[in-house]
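Enquirer: Predicted coordinates and the sequence they were generated for:
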Amino acid sequence: MKKRQIISFVLIATASFFMSSSCKKKQDEQTAYTYQVSRLKPAYYKTQRMLLQNFQAAVGELKIHTNAFYSLSGQSYLEACRERWKTAYEQFVLLGPYTRGYATVDIGYDATKQLIQVYPINYRYVDYAEDSPNGGIINDVDNYPTIQFLNTLHQVGGEQNCTIGFHVLEFLLWGEDLSLTGPGNTRDYKDYVTGGGGINVNRRRSFLDESMNRFSITVQELNVDENYERSVKNMDSKSFMFLMVGSLQQFIKDELVEKDIRLPLTTQNHHLEICDYSDHTLTILKKKIQAIRYALDGGTLFNGNGGTDYFLLDFISEVIPDEATKIKNQLDAIDADFSGITMTFENAVIDPAAAAKLQAIADKLMIIHGSLDVLLAKFK
């Protein structure tokens, strides 16, 4: 009996030793990374600040052109608004990896995201559609006698009932897309001018103006300020890594893979694409890949002035070099896959060869997601 007790004691002691050694190794490993993580933080908010400034400047340009269109409605002014909308949205999606963090460490996006991006939207809540020629707030004079205070009507009756946001503006500028084979938009400048054949044109102009103004105010209030920087600096290594890498992972999996690519593919519903009215989806998907590159290494944003900064990819290359190589290879392969898609997204989801490339892109993104899992495992 004593012999058994001694053996049991030895086994327990041995197991405890190895468990203690393992925990100590993990603690030592995380302590060893403290310096690298402290170097990551300035590059993290420096990159975020630059991307935010670019986005806010692009929205400012969009507002200038929509104001001009309000005063001087014409097709060239409408086309100028469309181009500025594309630019602004491209700049916005580059911020994607930074918009899914903790609400307590946030540039203000968490509280305002429903006013910036919801898709798809219920465009029939805003204006006419092919199956509802007199539909929408714009055409419902009885229930909405004036076009003002659109923020009070935003998402009334449902999350997709939007009056403010990127895709509301997109619909107001392009109208419903009725064609899979080319431009089939229902809207031109005549929707906004008296005598052009449109109905409720002044209300439509007022809606665009009011929606744009409230959208612009929301965007300009986002801020990478001293309080935000201080919050990031004060985070321990583990919390910061889960903020930075976890947010990037959510952007990759929840948004880019599941919502942007796989959902339209599995449902074969092109109306679920990001840019249903402007046919700008493929460009936006490519920009989201660029967003991942910036989140990994934002150095190219600073015109050579970011040479001493320490970025996430630098850290990964030091800690798990094989995973860093894998990430870079997957991103290059994704770029090659996109170059092989020569049609619009709405056509690509129903074309077997193009759909296979989209699925391959989603699979490669999940490989990158897995490499980031390997990194985070060192902080658990």
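Expert: Happy to help now that I have it.

Enquirer: Spatially central, which residue of this protein would that be?
Expert: Centroid-nearest residue in the chain: Gly96, 3.4 Å away (criterion: C-alpha atoms, centre = their mean).

Enquirer: Quick one: list the elements packing against the strand or helix carrying Ala333.
Expert: Using DSSP states H and E, Ala333 maps to helix 321-339. Helix 321-339 sits against helix 281-296, helix 312-319, helix 352-377, with contacts defined as 3 or more C-beta pairs under 8 Å, 6 or more residues apart in numbering; DSSP states H and E. Heads up, the C-betas are built off the backbone N, CA and C, glycines and all.

Enquirer: To Leu40, which of the ones you listed lies closest?
Expert: helix 312-319 (6.1 Å; C-beta to C-beta).

Enquirer: quick one: buried residues of the closest one?
Expert: Applying a neighbour-count criterion of 16 or more other C-beta atoms under 10 Å, one finds Leu312, Leu313, Asp314, Phe315, Ile316, Ser317, Val319 buried in helix 312-319.

Enquirer: what do you get for stretch 47-58?
Expert: Thr47, Gln48, Arg49, Met50, Leu51, Leu52, Asn54, Phe55, Gln56, Ala58.

Enquirer: Which of the residues you listed sits closest to Val118?
Expert: Nearest to Val118, judged by C-beta to C-beta, of these is Phe55 at 17.2 Å.

Enquirer: correct me, but Ile320 touches Asp373?
Expert: No. Between Ile320 and Asp373 there is no contact under C-beta atoms under 8 Å: 10.7 Å.

Enquirer: Between those two, which has more neighbouring residues?
Expert: Each of Ile320 and Asp373 has its neighbours counted (other C-beta atoms under 10 Å); Ile320 has more, 17 against 12.

Enquirer: And the pLDDT at the residue nearest to the more buried one when sequence neighbours are not counted?
Expert: Among residues not flanking Ile320 along the chain, Val374 sits closest, at 5.7 Å (C-beta to C-beta, 6 or more residues apart in numbering). What the model reports for Val374 is a pLDDT of 98.

Enquirer: circling back to that earlier point, now distance to Leu358 and pLDDT too, for the buried residues of helix 312-319, in TSV please.
Expert: Below are the buried residues of helix 312-319 laid out as TSV (distance: C-beta to C-beta, whole Å; pLDDT from 0 to 100):
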residue	distance to Leu358	pLDDT
Leu312	26	97
Leu313	25	97
Asp314	31	96
Phe315	31	97
Ile316	26	98
Ser317	29	97
Val319	32	96
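
Enquirer: Closest one of the residues you listed to Asp254?
Expert: Nearest to Asp254 among the buried residues of helix 312-319 is Leu312, at 19.0 Å by C-beta to C-beta.

Enquirer: what's around the closest residue to the closest one other than its chain neighbours, how many residues?
Expert: Leaving aside its chain neighbours, Leu312 sits nearest to Leu296 (5.1 Å; criterion: C-beta to C-beta, 6+ apart). Counted with other C-beta under 10 Å, the neighbours of Leu296 add up to 23.

Enquirer: how close does Leu296 sit to Ile327?
Expert: Note on Leu296: its distance to Ile327, by C-beta to C-beta, to the nearest Å, is 7 Å.

Enquirer: list residues touching both of those two?
Expert: Counting by C-beta atoms under 8 Å, 6 or more residues apart in numbering, the residues touching both Leu296 and Ile327 are Leu313, Ile316.

Enquirer: tell me the mean pLDDT over stretch 97-106?
Expert: 77.

Enquirer: picking up where we left off before, can you list the buried residues of stretch 47-58 in CSV and add secondary structure, distance to Ala68 and pLDDT?
Expert: CSV is the format used below for the buried residues of stretch 47-58 (DSSP: H, G, I helix; E, B strand; the rest coil; distance: C-beta to C-beta, whole Å; pLDDT from 0 to 100):
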residue, secondary structure, distance to Ala68, pLDDT
Thr47, helix, 32, 94
Gln48, helix, 31, 94
Arg49, helix, 29, 94
Met50, helix, 28, 94
Leu51, helix, 26, 96
Leu52, helix, 25, 96
Asn54, helix, 22, 97
Phe55, helix, 21, 97
Gln56, helix, 19, 97
Ala58, helix, 16, 98
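
Enquirer: For the residues you listed, please prepare CSV with the additional fields distance to Leu301.
Expert: Listed next are the buried residues of stretch 47-58 as CSV, based on distance: C-beta to C-beta, whole Å:
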residue, distance to Leu301
Thr47, 6
Gln48, 10
Arg49, 10
Met50, 5
Leu51, 7
Leu52, 11
Asn54, 8
Phe55, 12
Gln56, 15
Ala58, 14
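
Enquirer: and those, which two are the farthest apart?
Expert: Taking C-beta to C-beta as the measure, the buried residues of stretch 47-58 span a maximum distance of 16.8 Å, between Thr47 and Ala58.

Enquirer: tell me the contacts of Gly340?
Expert: Contact partners of Gly340, counting by C-beta under 8 Å, 6+ apart, are Lys357.
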